[in-house]
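>>> Give the three-dimensional model of this entry:
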Amino acid sequence: MAARIEHLVTSGTFSLDGGTWEVDNNVWIVGDDEEAVVIDAAHDADAILVALGGRRLRAVLCTHAHDDHIDAAPALASRTGAMIHLHPDDLPLWKLTYPGSPPDRELTDGQVLTIAGTDLTVLHTPGHAPGAVCFHAPDLGVVFSGDTLFQGGPGATGRSFSDFPTIVESIRKRLLTLPPQTKVLTGHGDPTTIGDEAPHLEEWIARGH
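Just a heads-up that it's a prediction; the model follows:
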């Protein structure tokens, strides 16, 4: 059976630089009836386990290490035996939440992870966070963008470890080069497509989004 994408929204908080905000996060599950991976284990390990429905969890994949994207990852991993995967450039952010408990595996640019016969290619897209990555699944026609690209523009770059020119270059070189029909499944909010976002790049730069 071909891989499919499932989606749930979990709610909690995001804390950084002394502030805390209420947030809703998208959690993405990619797999078939037997096995799956979770992209961004946010807030609620119990809800994610229910959505998995007893399937073997092969990996917990982190688009980046802001606490709202990883706060359910260790609990989910410990209850399933799955390994947590994170790009090493985000270890400083990870350590803010889990000092002394590093993730299990490193993600690298260009790495291909295969689940249920479907390839997910790791795209390193720094800017929102140093080790931010997206996962491109060409067979499914989607890219999981984390907080790098949203409907309407780049992810936020106003806090520690982030940089606006860097995120713009990541989007320009790594995402806007994907086929225009590619669906962008984001870390928060509604999906978009590469074709819908590409024409607005210069607007984002002009307004320093």
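>>> Check the gap between residue 143 and residue 136 for me.
Residue 143 sits 5 Å away from residue 136, taking C-beta to C-beta, to the nearest Å as the criterion. Placement of C-beta: from N, CA and C, glycine included.
>>> my bad, residue 90
To residue 136, residue 90 is 19 Å away according to C-beta to C-beta.
>>> what does residue 30 give?
Using C-beta to C-beta, one obtains 12 Å as the distance from residue 30 to residue 136.
>>> what is in contact with these two at once?
residue 120 (C-beta atoms under 8 Å, 6 or more residues apart in numbering).
>>> How about the contacts made by residue 35?
55, 56, 57, 58, 115, 116.
>>> Could you give the bridge partners of it?
When assigned by DSSP bridges, residue 35 has beta-bridge partners residue 56.
>>> looking at it, residue 2 is touching residue 117, isn't it?
Yes. Using C-beta atoms under 8 Å, residue 2 makes contact with residue 117 at a distance of 6.9 Å.
>>> Show me whatever sits in contact with both of these two.
Common neighbours of residue 2 and residue 117, counting by C-beta under 8 Å, 6+ apart, are residue 32.
>>> neighbour count winner among residue 30 and residue 136?
Under the neighbour definition other C-beta atoms under 10 Å, residue 30 and residue 136 were set side by side, and residue 30 has more, 27 against 22.
>>> List the strands paired with the helix or strand harbouring that one, with their directions.
Under the assignment given by DSSP states H and E, the secondary-structure element containing residue 30 is strand 19-31. Strand pairing for strand 19-31, determined by DSSP bridges: strand 4-16 (antiparallel), strand 35-39 (antiparallel).
>>> would you list every one of the strands in this protein?
Assigned by DSSP state E, the strands in the chain fall at 4-16, 19-31, 35-39, 56-61, 83-86, 105-106, 112-115, 118-124, 133-137, 142-146, 149-150, 153-154, 183-186, 192-193.
>>> Throw those strands into CSV and include distance to residue 94 and mean pLDDT, thanks.
Putting the strands of the chain into CSV (distance: least, C-beta to C-beta, whole Å; pLDDT from 0 to 100) gives the following:
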stretch, distance to residue 94, mean pLDDT
strand 4-16, 13, 98
strand 19-31, 17, 98
strand 35-39, 16, 98
strand 56-61, 13, 98
strand 83-86, 6, 98
strand 105-106, 11, 98
strand 112-115, 19, 98
strand 118-124, 16, 98
strand 133-137, 13, 98
strand 142-146, 14, 98
strand 149-150, 22, 98
strand 153-154, 22, 96
strand 183-186, 21, 98
strand 192-193, 28, 98
